[in-house]
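>>> my questions concern the predicted model and sequence given below.
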Amino acid sequence: MKIAICDDEKEIRKEIKNYINSFDNSITVLEFESGNTLLEYEQEIDILFLDICMGELNGIQTAKKLRQRGNNAIIVFVTGIEDYVFQAFDVSAFNYLLKPIDNAKFFEVLNKAINKIKSFENELLKEQPSILIKIGTATQKIFLNEILFIEVFNRKIIIHKQNDEIEFYGKLKEFENALGKNFIRSHRSYIVNLMYVSVYSRDSVTLEDGTTILLAKQKYEEFVKKFMEYNKSLISKKKETYIDRT
């Protein structure tokens with residue numbers, strides 16, 4: 001989880017960071033001293049503690065710019081002036097904290113914000129496409145976005161996930177239609193998740209974790225076509241661009 005603090009007062013940033021670390025020291029905490037420096041940061045943020053009264057770009061203006069960009073971070077305004085609170089509704093703020101910050105109130109708001117994120121993630125998880133695999137007497141559910149690639153070796157199917165592997169006897173062909181459009185059979189021994197492809201050449205595919213997978217000659221054109229289609233579908237979301245320098 002990533003939490004950002006944007007406040008032009010160093011001591012306030014330090015105070016909030018200490019509160020967060022004491023709540024859960026595994027949380028990544030980012031600090032920004034102005035709205036402009038925050039807007040320069042383009043990566044995802046889960047929760048944002050945002051001061052309202054800052055220099056040339058105040059917290060309300062900063063929040064509006066973030067929302068215009070499609071940033072859906074949970075925003076908690078931090079202010080010493082209660083009158084500003086009503087403007088927070090214009091940018092769908094989650095809550096607000098008054099300075100000086102009451103630590104009990106802070107932990108209450110932080111806990112609610114984290115629970116909201118977890119609830120949202122659980123709902124997304126329920127909607128994610130998955131497959132059910134029967135292994136012996138047990139049936140296992142596997143989310144498709146966890147699968148890096150699937151291979152067959154010595155008549156065994158090996159599903160390579162982000163954190164582990166699942167092995168059982170079976171045929172690769174059984175998975176070709178079940179996995180959906182984001183997967184392609186690159187070789188008689190492999191099915192690849194296009195989501196994790198980093199580089200490809202005439203005879204191989206390299207995944208983001210560095211794994212190299214064979215790409216059969218007769219599969220090359222089909223692979224390129226599907227990979228381009230997949231990336232085009234992400235352009236509006238990830239702003240990826242394909243540049244052919246050959």
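Ah, there it is.

>>> quick one: low-confidence ranges for the protein?
Applying pLDDT under 70 to the chain picks out residues 84-89, 124-127, 235-246.

>>> would you map the helices across it?
Taking DSSP state H as the criterion, the chain carries its helices at 10-23, 35-40, 59-68, 103-127, 173-176, 220-232, 235-238.

>>> dump those helices into a markdown table; add mean neighbour count as well.
Where C-beta positions appear, they are placed from N, C-alpha and C, glycine not excepted. Compiled in a markdown table, the helices of the chain are given as follows (neighbours: other CB atoms under 10 Å):
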| stretch | mean neighbour count |
| --- | --- |
| helix 10-23 | 15 |
| helix 35-40 | 17 |
| helix 59-68 | 19 |
| helix 103-127 | 13 |
| helix 173-176 | 13 |
| helix 220-232 | 14 |
| helix 235-238 | 9 |
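
>>> Arg155 is nearest to which of those?
helix 173-176 (12.8 Å; CB to CB).

>>> tell me the helices and strands packed up against the closest one.
strand 183-187 (3 or more CB pairs under 8 Å, 6 or more residues apart in numbering; DSSP states H and E).

>>> list the contacts of the residue most central in space within the chain.
Residue closest to the average C-alpha location in the chain (CA atoms, centre = their mean): Glu44, at 7.4 Å. By CB atoms under 8 Å, 6 or more residues apart in numbering, the contact list for Glu44 reads 2, 73.

>>> domains for this protein, by residue range?
For the chain, the TED database gives the domain ranges 2-125, 130-240.

>>> most distant residue from the middle of the chain?
The C-alpha centroid of the chain is most remote from Asn154, which lies 35.6 Å away (CA atoms, centre = their mean).

>>> ok, that one to Thr211 distance?
Applying CB to CB, to the nearest Å, the value for Asn154 to Thr211 is 19 Å.

>>> make TSV from the helices of the chain and add distance to Tyr96 to it.
Putting those into TSV (distance: least, CB to CB, whole Å) gives the following:
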stretch	distance to Tyr96
helix 10-23	13
helix 35-40	17
helix 59-68	10
helix 103-127	8
helix 173-176	50
helix 220-232	41
helix 235-238	30
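
>>> of those, which is nearest Lys161?
helix 173-176 (13.8 Å).

>>> any idea how far the closest one is from the chain center?
Mean-position distance between helix 173-176 and its chain equals 28 Å (CA atoms, centre = their mean, to the nearest Å).

>>> and stretch 168-179, by the same measure?
The chain centre lies 28 Å from the centre of stretch 168-179; the measure is CA atoms, centre = their mean.

>>> and if you look at stretch 41-52?
Between the mean C-alpha position of stretch 41-52 and that of its chain there is a distance of 15 Å (CA atoms, centre = their mean).

>>> ok, stretch 206-218 next?
Put simply, stretch 206-218 sits 24 Å off its chain's centre (CA atoms, centre = their mean).

>>> so what would you say the end-to-end distance of that stretch is?
End-to-end span of stretch 206-218 (CA to CA, to the nearest Å): 18 Å.

>>> next one: stretch 28-47
Using CA to CA, the end-to-end distance of stretch 28-47 comes out at 11 Å.

>>> same question for stretch 34-45.
16 Å.

>>> cool, and stretch 157-175?
So stretch 157-175: terminal residues 10 Å apart, CA to CA.

>>> in it, what's buried?
Within stretch 157-175, the residues that count as buried by 16 or more other CB atoms under 10 Å are 157, 159-160, 170, 172, 175.

>>> would CSV of those with distance to Cys6 be doable?
Converted to CSV, these look like this (distance: CB to CB, whole Å):
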residue, distance to Cys6
Ile157, 49
Ile159, 42
His160, 40
Gly170, 52
Leu172, 50
Phe175, 46
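
>>> closest to Ser204 among those?
Proximity of the buried residues of stretch 157-175 to Ser204 was ranked by CB to CB; the top entry is His160 with 15.9 Å.
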